[in-house]
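*Asks:* The sequence and its predicted three-dimensional model are supplied below.
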Amino acid sequence: MKHKTTALLLLPLIAGSALAAGSDAGSKPTPTLHESDSVTIAAAPDIVWSTVRDYDAPSVWDPFITSTTLTHGKNNKPGAKRHMTTADGSTIDDTLTAWNADKRMFATRMIHTDMPLRHYRDRVEVEATASGSRLIWQARFQPAAGAVPGKVRAMVKHRITQALAHVKAMLGTRSGASKPNTAGSTTTAAPSPSQS
């Protein structure tokens, strides 16, 4: 009987704490946003995959990224980390969470950025089509505290759309199997902690 009475006395305190945690002066929960886009390319899937597959060289195909340094692990191995600088001077640190050559896909998770978003995850994949390939980019993320969700979503959408259009322009109607020239990449590599 004593335990039951104690539980009844604590119930209002537990309920009050839960309500306080869920309503911070009427603030709304941070929304999780989703953005995705795809583009069809008249090039073989292996050609498209060879363009986007290298975790340490996103600037080859994504105009938003100007330089990349691999800071941990090995290229295209899940667990690898990189530091990127963007065209507007922002920085992004992320980690490779999945990479599969057979499925022509990879996924990343953002660790830190000074852009107005957080909890960013994305997935890029290449599918075969009757006329070539489809390059798909999917992302989910939250706006940072104080950021306008619509503006953050528009920023992510612009990056995705611009990158996909850039790949399509790069590859045109190529149908061969050679890897595109990556001589213009500004990628650098730093020794991983395990090697230093």
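*Replies:* Perfect, I can see it now. Residues are numbered from 1 along each chain as shown.
*Asks:* Quick one: residues contacting His166.
*Replies:* For His166, the contacting residues are Trp61, Asp62, Pro63, by CB atoms under 8 Å, 6 or more residues apart in numbering. (C-beta placed from N, C-alpha, C; glycine too.)
*Asks:* you'd agree it is in a strand?
*Replies:* No: with DSSP: H, G, I helix; E, B strand; the rest coil as the criterion, His166 is assigned helix and is not in a strand.
*Asks:* any idea how far Asp62 is from it?
*Replies:* In this structure, His166 lies at 7 Å from Asp62, with CB to CB, to the nearest Å as the measure.
*Asks:* can you pull out the strands in this structure?
*Replies:* Ranges of strands within the chain are 33-41, 65-72, 81-86, 91-100, 105-113, 117-129, 132-143, 188-189, based on DSSP state E.
*Asks:* Which other helices and strands does the second one contact?
*Replies:* Yep, that's strand 65-72 we're talking about. Judged by 3 or more CB pairs under 8 Å, 6 or more residues apart in numbering; DSSP states H and E, the packing partners of strand 65-72 are strand 81-86, strand 188-189.
*Asks:* Report the inter-axis angle for the first one versus strand 105-113.
*Replies:* Per axes from the mean of the first three to the mean of the last three CA atoms, to 10 degrees, the angle that strand 81-86 makes with strand 105-113 is 70 degrees.
*Asks:* residues making contact with strand 81-86?
*Replies:* For strand 81-86, the external contacting residues (CB under 8 Å, 6+ apart) are 55-56, 58, 64-73, 91-96, 111, 115.
*Asks:* hmm, back to that, comparing the helices and strands packed on strand 65-72, which comes out most buried?
*Replies:* When you average the neighbours per residue for each of those (mean count of other CB atoms under 10 Å), strand 81-86 leads with a mean of 20.
*Asks:* would you put the C-alpha positions of that strand in CSV?
*Replies:* The C-alpha trace of strand 81-86 is given here as CSV (Å, rounded to 0.1, in the frame of the first residue of the first chain):
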residue,chain,number,x,y,z
LYS,A,81,35.7,11.6,-42.5
ARG,A,82,36.3,14.7,-44.6
HIS,A,83,36.5,18.5,-44.2
MET,A,84,35.0,20.5,-47.0
THR,A,85,35.0,24.2,-48.0
THR,A,86,32.1,25.6,-49.9
